[in-house]
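Colleague: Next one to model:
(4 chains)
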There are 2 protein chains.
Amino acid sequence: MILRKERSGTPLYKQVKERIVARILAGEWPQGQRLPSENQLTGDLGISRMTAHRALRELTGEGWLTRIQGAGTYVAESKAQSALMEIRNIREEIAERGHTHSCEVVLLAEEKANAEVAHALEIDAGKPVYHSVLVHKEGRQPIQVEDRHVNPAFAPNYLKQDFTRVTAFEYLGQLGPLDAAEHVIEALLPNETNRGLLRCHANEPCLLLTRRTWSNGLVVSRVRQIYPGSRYRLAGRQEYNQAPH
Amino acid sequence: MILRKERSGTPLYKQVKERIVARILAGEWPQGQRLPSENQLTGDLGISRMTAHRALRELTGEGWLTRIQGAGTYVAESKAQSALMEIRNIREEIAERGHTHSCEVVLLAEEKANAEVAHALEIDAGKPVYHSVLVHKEGRQPIQVEDRHVNPAFAPNYLKQDFTRVTAFEYLGQLGPLDAAEHVIEALLPNETNRGLLRCHANEPCLLLTRRTWSNGLVVSRVRQIYPGSRYRLAGRQEYNQAPH
DNA sequence: CTTGGGCGCTTGTATAGACAAGTTCCCGAG
DNA sequence: CTCGGGAACTTGTCTATACAAGCGCCCAAG
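Modeller: Got it, this is the predicted structure:
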C-alpha cells in the first residue's frame, strides 16, 4: 500500500498517524506489540524516513507509542487510571452558584468519523457523525469548552438544535434513558484553540474530562470537556454505609 | 551567535527552543511580538531551516508561539466546582494492572498544625498532627506523591507504621469505619519538590486530588495526591437505573 | 479612487542523505 | 562454558533542497 499526497489534502504524516491509530484501535496491534521500523514503513508506504519518523514521534508524544532508541517502536501500555463520578448539568451548577449561564456555539456540523472518533462511538470509520463545540460561560467568563461527537443514529436532529437555549446534555437526555457513563479525567496544557476559547494562559494546566454515555446499549456521544485549572475543579462527597476493606 | 552541537550533548533544536523561551520569559519578546522568520534564524544561528522549523513547531504545540502560514511567527497571547468518586487503594490498582507496587517514605513526622491544616482536620491550630509524604511507584516509575496529614486522635500510632509494607490508606481503614469522603480534583504544574519525586518535567500538568475522610464524625486525614499527567488519569464507569432528568 | 493581479515573503510538507547513539545478538577468543 | 567485541539494526538528529500554500503589499488597469 503506497500512500500518496494526491488531491486528498491531508498531509502524509497525518495519514500515517491515522493508519497506525486505526490498527491499534482495531486490536491488530495490541499493547506491547512491536511496530515496523522506520525503514520498513519507508518501504511499505512509499514515504521518506523523515515522514515516518515525524508520524511516530508525534504518536509517541500523544501517548500511543513508546520508542526506545536502538531497540524499536512499541504500542504503549495504557495509562494507569483510578476510579470516579456523577454527571451534572453545567447550567444547573452555575445557577446553583447564583450566576447566569450562557453558551456560545463555536461549531455545529456533520463530519466523517476518523479512526479515533469512530472507535469512541462504536461506529465505522468514515461514517457521518455530528460534531459540536460549545463554550459555556459563567457570567462573562468562559468556564468550559465542550467538544462533543454525537451518534446520528441516536440524535438525528442534533444539528437543528439551538444550544444557546438548551444544553446538549439536556437535549440528549430528553431523547432516551441514560444507561451508563464512562469518565476519564486528565490534566493537560491547553492548545491554541482552547486557550482562545477559555481565555487562559498557555501555561495554565487544564482539566480534561472525557465522557462517553450509553443509552439502550448505544453510544450516544463522546464529549471532551476542558476546564481552566485556575477557575475550575471537580469535587464531590460520598457517604458510606460500611468500612472500606 | 552560532549554535553548535559540540560536546554539549543537547540537540540543536532544543537549544533553539530554550533560547526562545528564555527571551520570552525575560520579557525581551513580549506577547504578540513577531519572531524572526525561519530563514533569519537559519542565518543568525547557523542552523538548517528544518531545525529551526522543528523548534518553532514544537514551541507552538507547547503554547509559547502562534504561527500563521504566510505571515509569520508570534509570541502567543496570553473557583467553581462539579461532581465525583470512589476511593481505591493504589496498591490494589497497580496490582490489577499486573505491576509491582512499592512505596518510598519521604517524610514521617509530627508537626504543629498550621491554620490551613487545622481547618482541614477540624482541630485547633498549633495542635500536633502527623504528617507523611509517600511516593508510590508502579515498577520503577513514581506515579503518585501522597502528602497526608493525619488526626492523632484517630491514629495515635501512625508514626510507628511501616508504610513500605502497608499503605496509609489500608492502615487507617483498619482503625475504624469510613463514613464519608470529600474529593476535589485540580490541575496544576508541579513544584520543584514534586518534580523531583515524580521525575516529571516542569511543564507537565499534574492532577491534584485532595481528599478528606471521616470516621465516626471525626476527620481522619486530609491527603493530597499528586499524579503526573502524562502517566496517570482518573477514570470510572457508572451504571444508571433511570434517565437523568 | 477602487479593484484585482502578481510578486515576494512566510510557513507547511516532503525527500534523500548523512552521521550519532543505543540495543540486540552472534561468534570467536579464552 | 563464559565473556567480550563487533556487526547489524533501530531510533535521534541535522542538513540541503524542493515545492505547496497562504498572507500582504504594491502597482497597474479601470
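Colleague: Could you use CA atoms for every contact and neighbour count after this?
Modeller: OK.
Colleague: tell me, how many neighbours does residue A:195 end up with?
Modeller: Counted by other Cα atoms under 10 Å in any protein chain shown, the residues lying close to residue A:195 total 22.
Colleague: I figured it was touching residue A:201, is that so?
Modeller: Yes - judged on Cα atoms under 8 Å, residue A:195 makes contact with residue A:201 at a distance of 6.4 Å.
Colleague: and whatever helix or strand residue A:219 lives in, which strands flank it?
Modeller: Using DSSP states H and E, residue A:219 sits in strand A:218-228. Sheet pairing of strand A:218-228 (DSSP bridges) gives strand A:141-150 (antiparallel), strand A:206-215 (antiparallel).
Colleague: Please work out the average pLDDT along the last one.
Modeller: Translated: strand A:206-215. Mean pLDDT, computed over strand A:206-215, is 83.
Colleague: With only the CA atoms kept, save that strand in CSV.
Modeller: The C-alpha trace of strand A:206-215 is given here as CSV (Å, rounded to 0.1, in the frame of the first residue of the first chain):
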residue,chain,number,x,y,z
CYS,A,206,-6.4,22.5,32.5
LEU,A,207,-8.6,19.6,33.4
LEU,A,208,-9.9,17.4,30.6
LEU,A,209,-12.9,15.3,31.4
THR,A,210,-13.7,12.8,28.6
ARG,A,211,-17.1,11.1,28.9
ARG,A,212,-18.9,8.5,26.9
THR,A,213,-22.6,7.9,27.6
TRP,A,214,-24.8,5.0,26.6
SER,A,215,-28.5,4.7,26.0
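Colleague: how distant is it from the center of its chain?
Modeller: Distance, stretch centre to chain centre, for strand A:206-215: 8 Å (Cα atoms, centre = their mean, to the nearest Å).
Colleague: ok, back up a step: what sits up against the strand holding residue A:219?
Modeller: Identification of contacts with strand A:218-228 by Cα atoms under 8 Å, 6 or more residues apart in numbering or on different chains yields A:120-122, A:143-151, A:154-155, A:172, A:194, A:198, A:200, A:204-214, A:233.
Colleague: Could you chop chain A up by domain?
Modeller: Per automatic domain parsing, the domain ranges recorded for chain A read A:12-75, A:90-228.
Colleague: Show the residue spans covered by the strands in chain A.
Modeller: A:65-68, A:72-75, A:80-82, A:101-112, A:128-138, A:141-150, A:180-188, A:206-215, A:218-228, A:232-239 (DSSP state E).
Colleague: Make JSON lines from those and add distance to residue A:9 and mean neighbour count to it.
Modeller: Converted to JSON lines, the strands of chain A look like this (distance: least, Cα to Cα, whole Å; neighbours: other Cα atoms under 10 Å in any protein chain shown):
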{"stretch": "strand A:65-68", "distance to residue A:9": "26", "mean neighbour count": "17"}
{"stretch": "strand A:72-75", "distance to residue A:9": "28", "mean neighbour count": "19"}
{"stretch": "strand A:80-82", "distance to residue A:9": "36", "mean neighbour count": "18"}
{"stretch": "strand A:101-112", "distance to residue A:9": "15", "mean neighbour count": "16"}
{"stretch": "strand A:128-138", "distance to residue A:9": "19", "mean neighbour count": "22"}
{"stretch": "strand A:141-150", "distance to residue A:9": "23", "mean neighbour count": "23"}
{"stretch": "strand A:180-188", "distance to residue A:9": "29", "mean neighbour count": "23"}
{"stretch": "strand A:206-215", "distance to residue A:9": "29", "mean neighbour count": "23"}
{"stretch": "strand A:218-228", "distance to residue A:9": "27", "mean neighbour count": "24"}
{"stretch": "strand A:232-239", "distance to residue A:9": "38", "mean neighbour count": "18"}
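Colleague: Which of the ones you listed sits closest to residue A:165?
Modeller: strand A:101-112 (7.9 Å; Cα to Cα).
Colleague: Give me the sheet partners of that closest one and which way each runs.
Modeller: Going by DSSP bridges, the partners of strand A:101-112 are strand A:128-138 (antiparallel).
Colleague: So what pairs up with residue A:135 in the strands?
Modeller: Applying DSSP bridges, one finds that residue A:135 bridges with residue A:104, residue A:145.
Colleague: check contacts around it.
Modeller: A:103-106, A:142-146, A:197-198.
Colleague: In TSV, list those along with distance to residue A:57 and pLDDT.
Modeller: TSV is the format used below for these (distance: Cα to Cα, whole Å; pLDDT from 0 to 100):
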residue	distance to residue A:57	pLDDT
A:103	37	84
A:104	35	82
A:105	34	86
A:106	31	82
A:142	33	79
A:143	32	82
A:144	30	85
A:145	28	87
A:146	28	89
A:197	28	79
A:198	29	76
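Colleague: Quote the end-to-end distance of stretch A:187-197.
Modeller: Stretch A:187-197 stretches 18 Å from its first residue to its last (Cα to Cα, to the nearest Å).
Colleague: let me fix that: stretch A:210-226
Modeller: End-to-end span of stretch A:210-226 (Cα to Cα): 9 Å.
Colleague: so what's residue A:25 scoring on pLDDT?
Modeller: pLDDT at residue A:25 comes out at 81.
Colleague: Pull the number of nearby residues for it.
Modeller: For residue A:25, the neighbour count with other Cα under 10 Å is 16.
Colleague: surely residue A:126 meets residue A:110?
Modeller: No - using Cα under 8 Å, residue A:126 makes no contact with residue A:110, being 11.5 Å away.
Colleague: Run through the bridge partners of the nearest residue to residue A:146 once chain neighbours are set aside.
Modeller: Spatial nearest neighbour of residue A:146, chain neighbours left out: residue A:225 (4.6 Å); criterion: Cα to Cα, 6 or more residues apart in numbering or on different chains. Note on residue A:225: beta-bridge partners by DSSP bridges are residue A:146, residue A:209.
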